[in-house]
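Give the three-dimensional model of this entry:
(chains A and B)
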2 protein chains.
Amino acid sequence: MDISRLRVDGKRLRSSLEKMTEIGATPGGGVQRLALSDQDKQARDLFVQWLEEINLEWSTDEMGNIFGRRRGKKDDLPPVMSGSHIDSQPRGGRFDGILGVMGALEVLRTIHDRGVETERPIVIVDWTNEEGSRFAPAMVGSGVWAGKLERNWVYGRTDIQGKRFGEELARMGYQGELPARRWPVHAYYEYHIEQGPILEREGKTIGAPKGIVCLHWYDVYLEGTANQVGPTPMEGRNDALCAAAEMILKVNALPAKMGGHMVATVGEIQNEPNSRNIIPDRVHFTVDIRSWDDDLALRAWEDVRRDFESIARSRGCPIRIEETWRVEHASFDERLVKQVLNVAQMLGYSSHSMVSGAGHDASYMSQVAPTAMIFVPSIGGRSHVEVENTRWEDCEAGTNVLLHCILQSALEE
Amino acid sequence: MDISRLRVDGKRLRSSLEKMTEIGATPGGGVQRLALSDQDKQARDLFVQWLEEINLEWSTDEMGNIFGRRRGKKDDLPPVMSGSHIDSQPRGGRFDGILGVMGALEVLRTIHDRGVETERPIVIVDWTNEEGSRFAPAMVGSGVWAGKLERNWVYGRTDIQGKRFGEELARMGYQGELPARRWPVHAYYEYHIEQGPILEREGKTIGAPKGIVCLHWYDVYLEGTANQVGPTPMEGRNDALCAAAEMILKVNALPAKMGGHMVATVGEIQNEPNSRNIIPDRVHFTVDIRSWDDDLALRAWEDVRRDFESIARSRGCPIRIEETWRVEHASFDERLVKQVLNVAQMLGYSSHSMVSGAGHDASYMSQVAPTAMIFVPSIGGRSHVEVENTRWEDCEAGTNVLLHCILQSALEE
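Below is the predicted model:
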């Protein structure tokens, strides 16, 4: 058998994705499978049933990460690993995360059907709670496994109803005995939708990110002086919402000012007392800054922070700033990234070098193993929304790239 | 008895206000008695108990307005009427509205104690939902009574939880059989805190507004394109919150641009999905414009509306605007306003001619009856906040002015 002619079954891949879409389907055509929810459990049950159908030994660790293992000829060698996550955003899309799990499954089904033997074992993984939308922060399954987060701290995180991560994990029935502790991995591939418009704009099928941008989160709190709007002259007002509006525009203008493909966003705002005839006296908003260049992101923050302070002074609105979270940029393994591009070329798919603007489990994995990602286009660049979509032929193309990347790495001695 | 030497009991007035403060008291020293809430009902129960203690016949109409009536010698003559509202802002102050109700009550208690007989009947009133902060718009009790708003339309208004005004009114138990339809009124006086800084700044005790500025309320709805912030470049974003921020600053700059002591405010904003890593795709905010000059306010709106449309276009965020409410400026009755100033002088209080920047039930009343208001100073000009405050001696002074205005009008044949 000429292994280079092997291809995945695009119809079977689509059918598996569609079955997963039924679990937690939303009226708007998306899915809602929040981490550790009943929908997460139901999707996991189906996933492990499919693992068993191709004779994979599966296990789950104390973080609920699920690993399915296919033996290699030299079974003691560090395995090739691939996967992503089954959990979704609230009212999220049908592809984010699950495509990487179903893609790796389709790869293993293809290898199984053809009886391909590899030197190294291959491991498929579903990482617990990548989204972080029910239990913050994100990527905790891979984070604990990679030794970057502390298990008991994660167990203690609560959702909006006050339910604890640890208890919800036990309730769901996927809390294993196995310690969530990294083992040597020869290569880690994560297959994912792009979640941005670049591939579509460039007209390319396969994206090979060289890594993931850094991520800085800030929380800004402003105080104003509340007052009935009618009898309070404009002079002497301390309007916290006006101060916030000026700051939001400064954040929005930051990337153009700093250059370097940075993005900067205010996604969340709370205004108090939020009554149409009272001058706002308490505003909280968030700032999200991302860049491939950690220093540039820091300089941008220092720049906008000075603007914030001067706006706060001139509006008479005291400001408090929290530096909530900073993740440095993650560089993927150069050899593996090149391999993704080469495989795409070999298979006749157009490809594009890029960076990932979104965080992924691959971020933690890249700190402990050679790592690369494979992206396919998001229609309209939309993700984290119900209309998130990717063409079925692109899903198949990305899975074929994943197949040959895994095979090449698994055949290495 | 020399009626001109009659004075109210300042201690009793204070004690009644303090008992009302206990109903819906907030930790920050204010009150929260939202319209048609359990706290509104509790305060009404206490109010009607007090009405009964001085033998007033009370009734409630289909809008929940409560009227307490004291007979006159010529009981068929149109009555003198006075009152305000019991409902408050969320986390509001201890004086707004309730001072006018407790003030009128203290006047009637004083008249009752001394057995004063008046030619005309005197009616004390609590108007339903003056604030409009739970159910928009404001002043609906007096608005329907004055024939300016339609009862069933008001019944259908909903609060943020979707509860309907009509059902909440019935639930509270103050929906009477009496039609909410105006009857002839000889003179209407409303006693209120100023809610602005003018009297304090001028060092005067009594304010006599010549009327109320016009009030325009608008609701603006913006649509953007939600997306994961990381992978979505700045170019091509449709960020509804950035569009709103630009618009908020345009509103804030409007009074300086238009002149004429106008005020313009954005007090309320809702942002969706309000997640720190998703670009906002739905923003709603309010605009409040007030001026003594109705035309100037309209021209200002047309001006800022053009700005809104151009911002919406350049940000690629479709805009929808609702012209929610317009109340023209209200001119009070010249003779009654002069009477307030004269009474203040007779009682030895300093006084000041001014306009009211806040809306009041007196606005609708002035359209159907000779109307005047009596203001007392707000410390620091603060209102609609928990720290809202007025000196007790000023509360007493205003009530004495109210007493003699009511007496003079009620003695007129």
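
Do I have it right that A:Gly147 meets A:Ala180?
No: look at A:Gly147 against A:Ala180 with C-beta atoms under 8 Å: they stay out of range, at 9.2 Å. In this view, the C-beta of every residue, glycine as well, is placed from N, C-alpha and C.

Next, give phi and psi for A:Arg14.
Per-residue torsions, A:Arg14: phi -60, psi -40 (degrees, to the nearest 10).

on that earlier part again, out of A:Gly147 and A:Ala180, which sits in the busier spot?
Neighbour tally, A:Gly147 and A:Ala180, criterion other C-beta atoms under 10 Å in any protein chain shown: the higher count belongs to A:Ala180, 23 against 13.

In contact with that one, which residues?
If you count contacts by C-beta atoms under 8 Å, 6 or more residues apart in numbering or on different chains, A:Ala180 has them with A:61-63, A:65, A:141, A:144-145, A:151.

got it, and A:Val229?
A:277-279, B:263, B:265, B:267, B:288, B:290, B:357.

So in chain A, which helix runs the longest?
Of all the segments of type helix in chain A, defined by DSSP state H, the longest one is helix A:294-315.

now what about that helix, what contacts it?
With contact meaning C-beta under 8 Å, 6+ apart, helix A:294-315 is reached by A:214, A:216, A:218, A:220, A:222, A:224, A:238-240, A:242-243, A:246-247, A:250-251, A:254-255, A:257-260, A:262, A:264, A:287, A:289-291, A:318-319, A:321, A:328-329.

if you set the cut-off to 6 Å instead, what comes out?
Helix A:294-315 is contacted from outside by A:214, A:216, A:243, A:246-247, A:250, A:254, A:258, A:260, A:289, A:291, A:319, A:328-329, using C-beta atoms under 6 Å, 6 or more residues apart in numbering or on different chains.

Mark which of those are buried, thanks.
Among the contacts of helix A:294-315, those buried by neighbour count (16 or more other C-beta atoms under 10 Å in any protein chain shown) are A:214, A:216, A:243, A:246-247, A:250, A:254, A:258, A:289, A:291, A:319, A:329.

in what helix or strand does A:His352 lie?
Here A:His352, judged by DSSP states H and E, is contained in strand A:351-356.

what's the average pLDDT for the helix or strand following that strand?
Next in sequence after strand A:351-356, counting helices and strands by DSSP H and E, comes helix A:361-365. The average pLDDT for helix A:361-365 rounds to 96.

Look up how far A:Gln89 lies from the residue nearest to the spatial centre of chain A.
For chain A, the residue nearest the mean C-alpha position is A:His360 (3.6 Å; C-alpha atoms, centre = their mean). For A:His360, the distance to A:Gln89 (C-beta to C-beta, to the nearest Å) stands at 14 Å.

Also A:Glu131?
As judged by C-beta to C-beta, A:Glu131 and A:Gln89 stand 5 Å apart.

looking at chain A, which helix or strand is least sure?
strand A:319-327 (a mean of 91; mean pLDDT, DSSP states H and E).

What is it packed up against?
Secondary-structure packing of strand A:319-327 (3 or more C-beta pairs under 6 Å, 6 or more residues apart in numbering or on different chains; DSSP states H and E): strand A:214-223.

in stretch A:362-381, what's buried?
Using 16+ other C-beta under 10 Å as the test for burial, stretch A:362-381 gives A:362-379, A:381.

Now do the same for A:His384: its pLDDT.
Looking at A:His384, its pLDDT stands at 87.

so it, which of the three states?
What DSSP: H, G, I helix; E, B strand; the rest coil gives for A:His384 is coil.

residue contacts, it?
A:His384 makes contact with A:89, A:92, B:228, B:278 under the criterion C-beta under 6 Å, 6+ apart.

Look at the closest residue to A:Leu77 other than its chain neighbours and tell me its secondary structure.
Nearest in space to A:Leu77, with sequence neighbours left out and distances taken as C-beta to C-beta, 6 or more residues apart in numbering or on different chains, is A:Arg120 at 4.6 Å. Three-state call for A:Arg120 (three-state DSSP): coil.

Which residues are in contact with A:Arg120?
A:Arg120 touches A:72, A:77, A:79-80, A:186, A:410, counting by C-beta under 6 Å, 6+ apart.

just A:Glu388 next, same as before
Taking C-beta under 6 Å, 6+ apart, one finds A:93, A:95, A:382 in contact with A:Glu388.

tell me which of those is nearest to chain B?
Nearest to chain B out of the contacts of A:Glu388 is A:Arg382 (C-beta to the nearest C-beta; 5.9 Å).

Near that closest one, how many other residues are there?
By other C-beta under 10 Å, the residues close to A:Arg382 number 21.

nearest residue to the residue in the stretch 1-150 of chain A positioned nearest to chain B other than its sequence neighbours?
For the stretch 1-150 of chain A and chain B, the shortest gap (C-beta to the nearest C-beta) falls at A:Ser133, measuring 7.6 Å. Once flanking residues are discounted, A:Ser133 sits nearest to A:Gln89: 5.2 Å by C-beta to C-beta, 6+ apart.

Can you convert the contacts of helix A:294-315 into JSON lines and add a column each for distance to A:Trp50?
Output for the contacts of helix A:294-315, formatted as JSON lines (distance: C-beta to C-beta, whole Å):
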{"residue": "A:Cys214", "distance to A:Trp50": "36"}
{"residue": "A:His216", "distance to A:Trp50": "39"}
{"residue": "A:Ala243", "distance to A:Trp50": "54"}
{"residue": "A:Glu246", "distance to A:Trp50": "53"}
{"residue": "A:Met247", "distance to A:Trp50": "49"}
{"residue": "A:Lys250", "distance to A:Trp50": "50"}
{"residue": "A:Leu254", "distance to A:Trp50": "46"}
{"residue": "A:Met258", "distance to A:Trp50": "46"}
{"residue": "A:Gly260", "distance to A:Trp50": "43"}
{"residue": "A:Ile289", "distance to A:Trp50": "40"}
{"residue": "A:Ser291", "distance to A:Trp50": "39"}
{"residue": "A:Ile319", "distance to A:Trp50": "53"}
{"residue": "A:Glu328", "distance to A:Trp50": "36"}
{"residue": "A:His329", "distance to A:Trp50": "35"}
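
picking that back up, please work out the average pLDDT along the strand holding A:His352.
97.

Ok, stretch A:76-86 next?
Mean per-residue pLDDT for stretch A:76-86: 98.

and that stretch, how far out from the chain's middle?
Stretch A:76-86 has its C-alpha centroid displaced from the chain centroid by 17 Å (C-alpha atoms, centre = their mean, to the nearest Å).

List the buried residues for that stretch?
Within stretch A:76-86, the residues that qualify as buried by neighbour count (16+ other C-beta under 10 Å) are A:77, A:79-86.

Nearest to A:Val8 among the residues you listed?
Of all the buried residues of stretch A:76-86, the one with the least separation from A:Val8 (C-beta to C-beta) is A:Ser82, at 12.8 Å.

Wait, that closest one touches A:Ala187, no?
No: the pair A:Ser82 / A:Ala187 is not scored as a contact, 8.7 Å apart, by C-beta atoms under 6 Å.

What is the burial count for the residue of the stretch 251-400 of chain A at minimum distance from chain B?
Closest approach of the stretch 251-400 of chain A to chain B (C-beta to the nearest C-beta) occurs at A:Gly357, with a separation of 3.4 Å. A:Gly357 is flanked by 24 other residues according to other C-beta under 10 Å.

now stretch A:404-413: mean pLDDT?
For stretch A:404-413, the mean pLDDT works out to 96.

Give the buried residues for that stretch.
Result for stretch A:404-413 [16+ other C-beta under 10 Å]: buried residues A:404-411.

Find the nearest non-adjacent residue to the most far-flung residue of chain A relative to its centre, please.
Distance to the chain centre peaks in chain A at A:Pro231, reaching 49.5 Å (criterion: C-alpha atoms, centre = their mean). Leaving aside its sequence neighbours, A:Pro231 sits nearest to B:Gly196 (C-beta to C-beta, 6+ apart; 2.8 Å).
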